[in-house]
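**Student:** Pasting the sequence and the predicted coordinates here, then a few questions.
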Amino acid sequence: MMQLITSDRYGEFVEELAEMYRLRYRVFKERLDWDVQASSDMEVDDFDAFHPTYLLQRGSGGQVQGCVRLLPSTGPTMLRDTFATLLAGQAAPASPTIWESSRFALDLRRDAPKGARGIARATYELFAGMIEFGLVRQLTAIVTVTDVRMERILRCAAWPLLRISEPRPCGTTLAVAGYLEVSAEALARVRSGGDFKGPVLWAPVASSAA
Amino acid sequence: MHRIFQRFIDRLSESVDVVALREAMTDAAAALDLRCFAYLSTPHRLRGEARVVSTYPPAWTEHYLQNRYERLDPVVIRARCHPEPFEWGPGAGQGGLSGRQRELFDEAAEFGIRRGFTIPIHDGRGQIAAVTFATDGRHPAFRRSIEKHAPVLQLMAMYFHAQARRAFGGDRIVDGVALTPREFECLQWACQGKSAWEIGCILGISRRTAGFHLDNAKAKLGVRSICQAVARLSAAKPTLH
């Protein structure tokens, strides 16, 4: 199950936001050991203060096990302000039809249900949610900074990253920036990989995102 | 409570300066039965000055900062070592305090700050901040609010920190380009002829990380070499954002 949280609804989703920040702490601080800001068991950074939209993915037990953060590229973005070096001299995208995704995280049980090519269905669900969000907002692409491991998963999931430049070492990983296509075709491929017959974002939520 | 949180978030994002941030937190805290608050951000290592945004009596915060109490304050010391939120005050484990620390607590009590709930924030680079909600005595409403709203207070503290950092001008503007404090710091050392390896040693980060910050600074300034970046930095008079 997916949830979409826009900034005008943070108040209603305080518990969900707290659960999401705990998930991010587990993934980025504990598992990946990134140099991130934390308070106790939550990971919150400066970009969370720019009123992003969040997509949350819940497991069958109702727990928040996946999340991604979405910011318009017309405002502050991680690519422009933190990872400018990955632009290789190009200008950072700043267009109403491009949003940036960041803090993509999944914390799944080992026995989580799998979709095509051994990738968890939850991963496909989160990807599909991003594309559905993009289609509702009439985006053409999602720009993102990720690492080569995630890039491989995206490629396997048939939603390949179109690189802006070559990967560069960053901390313990190889970081890479690129575009993800937002289109009905991309959605069909991801849905089929995760074996989803219809929208993953609930219709009322998807329409309120418009 | 949901409405209080939403209103707080909305007001934070509208805030253009520290005064507005302070008001947003003051009102949210009051709505949650929390009388006063203090945000303290300590500098990297021991250089620089601590920053405070608070509704404590100004005479106390002034006295506190003048005497650099943040180096001695058991609340700050605990916040520095442990990232979990905690309560302090009479009955909340004040053993093991030095004489001066006891005096500090006594002085605070004279200003009506006797017990509190402190939320530490660690930025992963040695800098810490803390948000404290405090009260002057045994207010049951205070305790109830802390118990009920602890996770929300934690979120409020983190959002506040993110905004306060910007309001205090963490970014430095060079030729109209915003550099992060780390990028600026690395570039300053590069100006003095230090290599990425040397800068890494000076700042306690890896050569690769120093190189990463320098590359970012170059990309932002739109130059190809460190020499050019250094020239731009020297030509521009860096101003605080």
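**Tutor:** Sure thing, it's come through.
**Student:** Does chain A have contacts with the helix or strand B:V75 falls within?
**Tutor:** In this assignment (DSSP states H and E), B:V75 forms part of helix B:74-81. No: figure legend: helix B:74-81 not in contact with chain A (C-beta under 8 Å from any C-beta of the partner chain); closest approach 9.8 Å. To be clear about C-beta, it is placed using only N, CA and C from the backbone, and glycine gets the same treatment.
**Student:** On the C-terminal side of that helix, identify the next helix or strand.
**Tutor:** Remark: after helix B:74-81, the chain's next helix or strand is strand B:86-88, criterion DSSP H and E.
**Student:** tell me which residues in the helix or strand just after that following strand are buried?
**Tutor:** Under the assignment DSSP H and E, the closest C-terminal helix or strand after strand B:86-88 is helix B:99-110. For helix B:99-110, a neighbour-count test (16 or more other C-beta atoms under 10 Å in any protein chain shown) marks B:101, B:104-105, B:108 as buried.
**Student:** Can you name the residues that contact B:S15?
**Tutor:** Applying C-beta atoms under 8 Å, 6 or more residues apart in numbering or on different chains, we find B:S15 in contact with B:21, B:23-24, B:163, B:167.
**Student:** Just the buried residues of these.
**Tutor:** If we count by 16+ other C-beta under 10 Å, the contacts of B:S15 have these buried: B:21, B:24, B:163, B:167.
**Student:** can the helix or strand hosting the first one be found next to chain A?
**Tutor:** Using DSSP H and E, the secondary-structure element containing B:L21 is helix B:18-31. No: for helix B:18-31, no contact with chain A is found by C-beta under 8 Å from any C-beta; the gap never falls below 11.0 Å.
**Student:** average model confidence for that helix?
**Tutor:** In this model, helix B:18-31 carries a mean pLDDT of 92.
**Student:** is chain A contacted by the helix or strand hosting B:F8?
**Tutor:** Element membership for B:F8, per DSSP H and E: helix B:2-14. Yes: using C-beta under 8 Å from any C-beta, helix B:2-14 comes into contact with chain A via B:2-7, B:9, B:12-13.
**Student:** So what's the residue count around B:G137?
**Tutor:** B:G137 has 11 neighbours, counted by other C-beta atoms under 10 Å in any protein chain shown.
**Student:** now it, what's its secondary structure?
**Tutor:** What DSSP: H, G, I helix; E, B strand; the rest coil gives for B:G137 is coil.
**Student:** tell me the contacts of it?
**Tutor:** Neighbours of B:G137 in contact, by C-beta under 8 Å, 6+ apart: B:114-115.
**Student:** Can you give me every residue that contacts residue 160?
**Tutor:** As the question left the chain open, I've gone with chain A. Applying C-beta under 8 Å, 6+ apart, we find A:P160 in contact with A:L154.
**Student:** other chain: chain B
**Tutor:** B:12, B:21, B:25, B:39, B:131.
**Student:** and these, which are buried?
**Tutor:** Neighbour counting by 16+ other C-beta under 10 Å classes B:12, B:21, B:25, B:39, B:131 among these as buried.
**Student:** what about the residue minimising distance to the centre of chain B, distance to B:H122?
**Tutor:** Of all residues in chain B, the one closest to the mean position by C-alpha atoms, centre = their mean is B:S41, 2.6 Å from it. As judged by C-beta to C-beta, to the nearest Å, B:S41 and B:H122 stand 12 Å apart.
**Student:** Show me the common contact partners of the two, please.
**Tutor:** Common contacts of B:S41 and B:H122 (C-beta under 8 Å, 6+ apart): B:I128.
**Student:** just checking, what's the longest helix in chain B?
**Tutor:** helix B:140-167 (DSSP state H).
**Student:** burial count for the residue in chain B positioned nearest to chain A?
**Tutor:** Closest to chain A within chain B is B:Q6: 2.8 Å, counting by C-beta to the nearest C-beta. Neighbour count of B:Q6, defined by other C-beta under 10 Å: 18.
**Student:** distance of the residue lying closest to it once chain neighbours are set aside from B:S15?
**Tutor:** Nearest non-adjacent residue to B:Q6, counting by C-beta to C-beta, 6 or more residues apart in numbering or on different chains: A:G11, 2.8 Å away. According to C-beta to C-beta, A:G11 and B:S15 sit 17 Å apart.
**Student:** residue contacts, the closest residue to chain B within chain A?
**Tutor:** When distances are taken as C-beta to the nearest C-beta, chain A reaches nearest to chain B at A:G11, 2.8 Å away. By C-beta under 8 Å, 6+ apart, the residues touching A:G11 are B:2-7, B:9.
**Student:** how does it look with 6 Å?
**Tutor:** Taking C-beta atoms under 6 Å, 6 or more residues apart in numbering or on different chains as the contact definition, A:G11 lies against B:2-3, B:5-6.
**Student:** Spatially, which two of the residues you listed are the most separated?
**Tutor:** B:R3 and B:F5 (7.3 Å; C-beta to C-beta).
**Student:** Of those two, give the one with the bigger neighbour count.
**Tutor:** The neighbour comparison of B:R3 against B:F5 (other C-beta under 10 Å) goes to B:F5, with 24 against 10.
**Student:** okay but that one is in contact with A:F13, surely?
**Tutor:** No: contact criterion C-beta atoms under 6 Å: B:F5 and A:F13 do not qualify, at 9.5 Å.
**Student:** Quick check, pLDDT for residue 185.
**Tutor:** This is for chain A. Model confidence at A:E185 (pLDDT) stands at 97.
**Student:** Switch to chain B, please.
**Tutor:** The model reports B:E185 with a pLDDT of 80.
**Student:** Specify the local secondary structure of it.
**Tutor:** helix.
**Student:** For it, which non-adjacent residue is closest in space?
**Tutor:** B:L203 (6.6 Å).
**Student:** Can you give me the neighbour number for that neighbour?
**Tutor:** Using other C-beta under 10 Å as the criterion, B:L203 is surrounded by 20 other residues.
**Student:** Repeat that for A:V148.
**Tutor:** Using other C-beta under 10 Å, A:V148 has 12 other residues around it.
**Student:** Tell me who's in contact with it.
**Tutor:** For A:V148, the contacting residues are A:167, A:174, A:176, by C-beta under 6 Å, 6+ apart.
**Student:** and the second one, that one's in a strand?
**Tutor:** Yes: counting by three-state DSSP, one finds A:L174 located in a strand.
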